[in-house]
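In: could you look at this predicted model? Sequence included:
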Amino acid sequence: MTRQGGMMTSLLAIGATTAAIYGIRRGMQNGTFQRLPQTISNAMNNPQVQQMTKPLQNMANNQNDQQQTNTLQGVANNQAPQQQMDNNNQNQNTQM
């Protein structure tokens, strides 16, 4: 049973790959892919699309801001003990 299931999966994968290659070749031959960047650009400039993507952009920006804050806090936390150790070393050197 497992052997037949594996064979079916392999055949489906080969079929999907063949269909993708065929579609790409046809698209290159008839010029569909040449127009694709302009089509995507036009779609992204559509006000309705921008309205839908704005919340996603805000979420991504908030996550980036949070990551930067965490990174800066981590750097500050790591520098404080290092400064304390440097100060202790300087104090020991001046006492000698």
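Out: Received, thanks. Note that the structure is a prediction, hence the values are computed from the model and not measured.
In: quick one: contacts for Phe33?
Out: Ile24, Gly27 (Cβ atoms under 8 Å, 6 or more residues apart in numbering). Glycine gets a C-beta too; all of them are placed from N, C-alpha and C.
In: quick check: phi and psi at it.
Out: With angles defined as degrees, to the nearest 10, Phe33 sits at phi -70, psi -20.
In: can I see the domain layout of this structure?
Out: Using automatic domain parsing, the domain parsing of the chain gives 1-45, 50-96.
In: which of those domains has the lowest mean pLDDT?
Out: Mean pLDDT per stretch puts domain 50-96 lowest among the domains of the chain, at a mean of 67.
In: what number of residues lie near Gln57?
Out: Residue neighbour count, defined by other Cβ atoms under 10 Å, stands at 10 for Gln57.
In: and it, what helix or strand is that in?
Out: helix 47-95 (DSSP states H and E).
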